[in-house]
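Colleague: Predicted model, plus sequence, below.
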Amino acid sequence: MILLRTLALGAVALITASCGVGGTHNSAVEASGGTESAPILTTADARDPHSYARPLEARVNDVALDLALDFRAKRVGGTATLDIDRKPDAKEIILDTDNLEIQSVADAAGKPLDYKVGTDDPKMGAPLTIALGPDTKKIVIRYRSGPDAEALQWLVPEQTAGKKHPYLFSQGQPTLNRTWIPTQDSPGIRQTWSATVTAPEPLNVVMSGERLTPNGEPAGEGRRAFRFRMDKPVAPYLIAIAAGDIAFRKLGPRTGVWTEPAMLDRAAAELADTEKMVEAAEKLYGPYRWGRYDMLVLPPSFPYGGMENPTLTFLTPTFIAGDKSLVSLVAHELAHSWSGNLVTNATWADSWLNEGFTNYFENRIMEAIYGTRRAQQEAALSFDDMMETLDEEGMSDPTTRLNLPPAEATPEGGATGIVYDKGAIFLRTIESIVGREAWDAYLRSYFDRYAFEPMTSARFLADLREHLVKGDSALEKKLMLDEWVYQPGLPSNVARPAPSAFAAVDRAIAGFKGGGAVPTGFAGWTTAEKLRFLNGLPRKLPTRRLGELDRQLRLNAAGNNEVLFAWLELAVANRYDPAVPALERFLTTQGRRKFVAPLIEALAKDQQWGRPIAARIYPKARPLYHPITTRGLDELGLPAG
Ligand code: BES
Ligand code: ZN
């Protein structure tokens, strides 16, 4: 399909063809330039305030990296060759960079191009403005990353499972990739990419794209080169790399796991249901379009639960419980292959289009594989998380809107209780009103219509009205769409979780609160039930009662890290000394921000009991932590070591 379009900006009308992947649907869409470029949205709500790029003037289409990993200097260096689309009269292109050391900029023929690195902003980095000749279509940037590139964590051997080799991994979302790749780092500017990366023997390199060299190729000087390609346009935050002593185990025809050899057995056992999950997801919302779905289980300093890097989800090792009880994490990252990676929030003010949709989709995958009960319980916990955020922020606080107003829009996307939970509950509410069949048919068509395109709240609502509401004014009224997306708080039509989901656990909580015994069935409960129980207990309990819980439920020895975390939060709130060894072990053996930050903060706030403990543990633990995890914690005034 060829669509003829004119550029909205500037006097020159550019006639372009849309890219081969998906069409364009309204006049606010540009395919700016060549025949292969992914469309750019032109509406005001799609302008990304967290990028310096001006894609309607000149935009990056493809990034070709040729990089060497230097573990001694902790830098990546080499060249990035950018294919660009530009208005014929464009005089410059603006890229995003953050502490990159730019060595030279040239065109395809090697002719130097003038460039300027602008003022560095602590959050956004600095614009790299490159002067374009009348025919410049390709730009070659020679550079290396700065010494503390935030996207990259360089681990020494002691920080890995094998303890023999160094390790490197990247985390791009939301705006960190500009610390190692000079490109337009905005989710609405989709780019294809390829990479050749060399690393010292015997290290392996993996990336979030098709692997072209299964075992690498000799590159001289004791190094090997690995080549990768992503031929579908992706948001640049989805370019990811890891290197280390990394091995592979096949799980299914198109699924597998990469991790350090010492972790391979445990990781593969935990992830045994992955192929089934891909099949369940496809049955719901259409074909998986990325080829392989592999996962990389990282060392314990990985700061997130998971990251949906295309073809290669990154996972924390802390999800391994031995019984698949935390694999909703995998369902979540897999679901992003549709919501997020295929249809992508154009700006971080609409993060809910990525995370809320994904939270909803995750739950549908969980239901398909593990049944209604587990899914309903997990959805009920998500509802509690939303209510907690609404209580904390207040029902009229602008941060409780799904579409965040400009003043509140951070690249991190906002409170998870809103972006993830309110987002998912909005979609569950639509489902409950129109029925599952109609809703699933709509969602599936949505992913097809907008595959490989950016999305905004307004664009989604317009599409929903066109293809689901279809002028039915009674339905329109029932849905309360604008209220859900643009108003704070909670609309009155909200679908509440099944009241039966936790009936037994809630009885146990009431019993224990009333002085009764520790529930005997606990060991056989689902993880969601255990979390509901622990988080439902009063925050202040007598030491004797904590001791009963601890001893009878063996909480200090919990092998499920979510359960252990819920217990440790309760223990810290109660200054429960017998939990301190478990607390110290937990804080010094993993660096997932969601677990570390609340515990360190709670300790630091408790001047008498907690602060000395934090002052002792933090300097010991901090070298393990990623900068994403230490962010905010360093300001607590604890010794940093
Ligand atoms: N894409 C997110 C991780 C992310 C969000 C990175 C915002 C940077 C900024 C990922 O899919 C995610 O949501 N991870 C969650 C796990 C999930 C099961 C809720 C996490 O890491 O806790
Ligand atoms: Zn997510």
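Modeller: All right, it came through fine. Ligands and ions are numbered 1, 2, ... in the order given.

Colleague: What count of nearby residues applies to residue 477?
Modeller: If you count neighbours by other CB atoms under 10 Å, residue 477 ends up with 10. The way it works is simple: take the backbone N, C-alpha and C, and place the C-beta from them, glycine included.

Colleague: er, residue 220 actually
Modeller: Neighbours of residue 220 (other CB under 10 Å): 8.

Colleague: Repeat that for residue 273.
Modeller: 18.

Colleague: That one contacts residue 327, doesn't it?
Modeller: Yes: taking CB atoms under 8 Å as the definition, residue 273 is a contact partner of residue 327 at 6.4 Å.

Colleague: Skip the chain neighbours and tell me the closest residue to the residue of the stretch 101-250 of the chain at minimum distance from ligand 2.
Modeller: Proximity to ligand 2, evaluated over the stretch 101-250 of the chain using CB to the ion, is greatest for residue 173 at 8.9 Å. Distances taken as CB to CB, 6 or more residues apart in numbering place residue 237 nearest to residue 173, at 4.5 Å, with adjacent residues excluded.

Colleague: Following the chain past the helix or strand encompassing residue 599, name the next helix or strand.
Modeller: Element membership for residue 599 (DSSP states H and E) is helix 593-605. Using DSSP H and E, the helix or strand that follows helix 593-605 in sequence is helix 610-621.

Colleague: what's that next one packed up against?
Modeller: helix 580-589, helix 593-605 (3 or more CB pairs under 8 Å, 6 or more residues apart in numbering; DSSP states H and E).

Colleague: Run through who's touching the first one.
Modeller: Residues from elsewhere that reach helix 580-589 (CB atoms under 8 Å, 6 or more residues apart in numbering): 300, 556-557, 561, 564-565, 568, 571-572, 595-596, 599-600, 613, 617, 620-621, 624.

Colleague: at 6 Å what do you get?
Modeller: 556, 568, 617, 620, 621 (CB atoms under 6 Å, 6 or more residues apart in numbering).

Colleague: what does stretch 59-67 give?
Modeller: With CB under 6 Å, 6+ apart as the test, stretch 59-67 has contacts from 32, 37, 76, 78-85, 183-184, 189, 191-197.

Colleague: Try it again at 8 Å.
Modeller: 32-34, 36-38, 40, 53, 76-86, 93, 95, 181, 183-184, 189, 191-198, 233, 236, 239.

Colleague: Okay, buried residues for that stretch please.
Modeller: 59, 60, 61, 62, 63, 64, 65, 66, 67 (16 or more other CB atoms under 10 Å).

Colleague: Could you export those as JSON lines, including pLDDT and secondary structure?
Modeller: What follows is those, written out as JSON lines (pLDDT from 0 to 100; DSSP: H, G, I helix; E, B strand; the rest coil):
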{"residue": "59", "pLDDT": "98", "secondary structure": "strand"}
{"residue": "60", "pLDDT": "98", "secondary structure": "strand"}
{"residue": "61", "pLDDT": "98", "secondary structure": "strand"}
{"residue": "62", "pLDDT": "98", "secondary structure": "strand"}
{"residue": "63", "pLDDT": "98", "secondary structure": "strand"}
{"residue": "64", "pLDDT": "99", "secondary structure": "strand"}
{"residue": "65", "pLDDT": "99", "secondary structure": "strand"}
{"residue": "66", "pLDDT": "98", "secondary structure": "strand"}
{"residue": "67", "pLDDT": "98", "secondary structure": "strand"}
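
Colleague: List just the nearest of these to ligand 1.
Modeller: residue 63 (20.3 Å; CB to the nearest ligand atom).

Colleague: tell me the SS of the nearest residue to the closest one once chain neighbours are set aside?
Modeller: Using CB to CB, 6+ apart and skipping the chain neighbours, the partner closest in space to residue 63 is residue 193 (4.3 Å). Three-state assignment for residue 193 (DSSP: H, G, I helix; E, B strand; the rest coil): strand.
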